[in-house]
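Enquirer: sequence unavailable; structure follows:
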Ligand SMILES: Cc1cc2nc3c(=O)[nH]c(=O)nc-3n(C[C@H](O)[C@H](O)[C@H](O)COP(=O)(O)OP(=O)(O)OC[C@H]3O[C@@H](n4cnc5c(N)ncnc54)[C@H](O)[C@@H]3O)c2cc1C
Ligand code: SF4
């Protein structure tokens, strides 16, 4: 049921929507959040069952891809035919959003990531700095609960982490041996997974199933971190509420949201302020679907920039096989350690900007078996692979390109008949060079660590980090929102998630999404005099 | 030629029901050992719509994909056949992949050797399976995936490959805490990020 007279209507209850709703509710704003999915009952997590790998890999209703899951709350995402490259978008639609699935690797952007044009002559500078975001990174860390260690020379100093680093295991020790031999940078990762009891949540038990759902809440999914606190503050969360469009009044200001409720009935939720937090794909989709006399090409899209500059983090995975027995299938799934040896620009490498080498853990025997041939040698090959592999992923910065975009599919719709998003994406030359460099360096580390064989998986795109499609900027002709995440075209519309990223940096995005959301909430509250 | 019936998820579920009722009613056929796969008749999986030859071919196919070797059991020895039969109730595409694969193997076995697939020797079976993989890679991938899934979700196999699943409703494994001393060299590195 629509809520009477809320101050702020938030759409989407994932990483951004949760942080923003909590912060506004702390200030005392009356907030209602519309979420198309529901609460996920931890009993349904595949991680609870010993055949978790089959449940996940077979493509059931916990698959990473909404196109495979096809739950009623999912919407399909199509891919434009662009020469054979068919990216598959990952996301989860529920209270907590994609943090239900995420691995909780929790790095921050570097100061230089906000100044790419000034420093490296590419893309655009952000209209804010690392220093502007730092207090919000800290606040987000405190709310999510982080394990790790401060003092990394590749990053600006940061406050001590709330809980100590998680174990890296024999798997991590092996990779450390490689980095040490190469004399390269590495550091134990910040993870939004707590290693000690923290804020009413228990410490991680090291099962290594985090991507299949963490039922005990040691992994910071926002249904366990921000949401209980936001609800305690009086925020209202409407589940099974799928927004069809954001409505404008006769002055071209946003007046509310049209959504389908759990019974499929179209409802109108009024609001003084609307904040869209539907992720880098769902947000442009909603804006492009919100057409009106004022905005015939979609809301906040007078310059045609909504949906453009779609960025992901192209990622190259390289795996080494070792003689010794490793333990990559236990311990939290996110990266136990990373290297930023090749993060900052060095033009002698043949590309601008850089990447992080991330060492995510491995799956169980079923996933390993997929690389093993059938037949007479099957068991010998399997015994060589499992449990003997360690991998490194080169997670590369993706530069914005207007032709990489989300638009609306002319034919495909969700279960409510709302047009689905369509992805057009091509890898840029700079990124391709970076991926090659990353694969070569990862191979060197693995060999230095003692790998007897190294395999380059050559898969190139990580379509779980969705960014850039409603970019931030000062120039209203080239960007969709201003530095406060407020739409240039519509004063009472805010867009707060990965879509507002100007550039992608070479690290996972979610700590930055959380920090931006907290900062945007403060900005909205500070200007509450302008709400009416 | 054995008569062939098209599988569908529905006909599969219906006939599974019928066979289980008839066998519970004591109507199952009398046991006789089938030498090609070393199993008694009633130990063969219930695959409704499959005749006897197809059921034997099915087991032989599974056991060439994952054979008994190097101290490890063959697929059917750990009931992968039954596991796959269960998957059939959930996945029409998988039924079709197996069906077309088995048709191919039967046809080629008869054409080349005048025998059923399960009566061929291992080298001959492997040759035909390789041909199947080259001719219809998508179906073969599905078949192979289902066999691997059946095999690597068996607790007996976990034990043999040295894997403990540690589901999240159990206590996790024990791991050594991170040793901060290992960062000694890196701590001394000059600042690697750019000041802005
Ligand atoms: C497998 C995987 C691993 C990952 N690991 C990491 C990691 O280690 N570190 C990291 O930083 N990031 C990681 N990510 C990415 C991270 O999960 C996302 O960056 C983050 O969740 C994005 O937050 P968000 O709020 O923008 O969107 P989401 O979390 O996706 O939330 C958006 C919400 O909006 C809702 N919504 C969308 N459209 C509508 C509508 N029309 N009406 C109502 N509701 C709507 C959705 O249902 C959803 O709940 C990972 C992602 C995946 C898939
Ligand atoms: S390893 Fe830790 S974070 Fe992952 S599922 Fe287990 S308890 Fe949760």
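Expert: Sure, I can see it. Note that the structure is predicted; figures quoted are calculated from it, not measured. Ligands and ions are numbered 1, 2, ... in the order given.

Enquirer: return the set of buried residues in stretch A:444-459.
Expert: A:444, A:445, A:446, A:447, A:448, A:449, A:451, A:454, A:455 (16 or more other C-beta atoms under 10 Å in any protein chain shown). All C-beta atoms are positioned from the backbone trio N, CA, C, and that covers glycine.

Enquirer: same thing with stretch A:47-67?
Expert: Neighbour count says stretch A:47-67 has A:47-58, A:62-67 buried, by 16+ other C-beta under 10 Å.

Enquirer: ranking helices and strands of chain B by mean pLDDT, which lands last?
Expert: None of the helices or strands of chain B scores lower by mean pLDDT, DSSP states H and E than helix B:9-24, at a mean of 33.

Enquirer: tell me which helix or strand comes right after whichever helix or strand residue A:68 is part of.
Expert: Element membership of residue A:68, judged by DSSP states H and E, is helix A:66-69. Scanning forward in sequence from helix A:66-69 by DSSP H and E, the next helix or strand is strand A:78-79.

Enquirer: can you tell me the strand partners of that following strand and which way each runs?
Expert: strand A:419-424 (parallel) (DSSP bridges).

Enquirer: residues in contact with the strand it pairs with?
Expert: Outside strand A:419-424, the residues that touch it by C-beta atoms under 8 Å, 6 or more residues apart in numbering or on different chains are A:75-80, A:82, A:87, A:89, A:281-282, A:284-285, A:288-289, A:310, A:403-410, A:412-414, A:463.

Enquirer: so what's residue A:483 up against?
Expert: Residue A:483 neighbours (C-beta under 8 Å, 6+ apart): A:127, A:128, A:472, A:474.

Enquirer: which elements pack onto whichever strand or helix holds residue B:144?
Expert: Per DSSP H and E, residue B:144 falls inside helix B:137-152. The contact analysis (3 or more C-beta pairs under 8 Å, 6 or more residues apart in numbering or on different chains; DSSP states H and E) places helix B:137-152 against helix A:52-57, helix A:365-369, helix B:52-65, helix B:80-88, helix B:92-113, helix B:122-135, helix B:155-161.

Enquirer: tell me the angle it makes with helix B:52-65.
Expert: 80 degrees (axes from the mean of the first three to the mean of the last three C-alpha atoms, to 10 degrees).

Enquirer: still on that earlier bit, of the buried residues of stretch A:47-67, which are in range of ligand 1?
Expert: The subset of the buried residues of stretch A:47-67 within reach of ligand 1, by C-beta under 6 Å from any ligand atom, is residue A:64.

Enquirer: right, so of the helices and strands packed on helix B:137-152, which gets closest to residue A:300?
Expert: Residue A:300 lies closest, by C-beta to C-beta, to one member of those: helix A:52-57, at 36.8 Å.

Enquirer: circling back to that earlier point, among the contacts of strand A:419-424, the buried ones, what's the ChimeraX command?
Expert: ChimeraX command restricting those to the buried ones, with burial defined by 16+ other C-beta under 10 Å:
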select /A:75,76,77,78,79,87,89,281,282,284,285,288,289,310,404,405,406,407,408,409,414,463
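
Enquirer: just the ones of the contacts of strand A:419-424 in strands?
Expert: A:78, A:79, A:405, A:406, A:407, A:408, A:409, A:410, A:412, A:413 (DSSP state E).

Enquirer: farthest pair within those residues?
Expert: Once C-beta to C-beta is applied, the ones in strands among the contacts of strand A:419-424 give A:405 and A:413 as the farthest pair, at 19.2 Å.

Enquirer: work out which residue lies at the spatial centre of chain B.
Expert: residue B:147 (1.8 Å; C-alpha atoms, centre = their mean).

Enquirer: right, and that residue touches residue B:84 too?
Expert: Yes - the pair residue B:147 / residue B:84 is scored as a contact, 6.8 Å apart, by C-beta atoms under 8 Å.

Enquirer: overlap in contacts of those two?
Expert: residue B:62.

Enquirer: where does chain A have its least confident helix or strand?
Expert: helix A:52-57 (a mean of 84).

Enquirer: ligand 2 contacts on the stretch 51-200 of chain A?
Expert: residue A:193.

Enquirer: wait, I meant chain B
Expert: Residues of chain B lying near ligand 2 (C-beta under 6 Å from any ligand atom): residue B:168.

Enquirer: what do you get if the cut-off is 8 Å, keeping everything else the same?
Expert: By C-beta under 8 Å from any ligand atom, the part of chain B that sits against ligand 2 consists of B:168, B:172.

Enquirer: look up how far chain A lies from the residue of chain B found nearest ligand 2.
Expert: Nearest to ligand 2, among the residues of chain B, is residue B:168, at 5.0 Å (C-beta to the nearest ligand atom). Distance, residue B:168 to chain A, by C-beta to the nearest C-beta, to the nearest Å: 4 Å.

Enquirer: ok, that residue - contacts?
Expert: A:45, A:47, A:48, A:205, A:207, A:209, A:212, A:213, A:214, A:215, A:216 are the contacts of residue B:168 under C-beta under 8 Å, 6+ apart.

Enquirer: for the residue nearest to the spatial centre of chain A, list the residues it contacts.
Expert: The residue lying closest to the centre of chain A (C-alpha atoms, centre = their mean) is residue A:465, at 4.3 Å. Residues near residue A:465 by C-beta under 8 Å, 6+ apart: A:280, A:311, A:312, A:313, A:498, A:504, A:508, A:509.

Enquirer: mind checking how far residue A:205 is from ligand 1?
Expert: Separation of residue A:205 from ligand 1 (C-beta to the nearest ligand atom, to the nearest Å): 19 Å.

Enquirer: ok, now which ones touch that residue?
Expert: Taking C-beta under 8 Å, 6+ apart as the test, what residue A:205 contacts is A:216, A:218, B:168, B:171, B:172.
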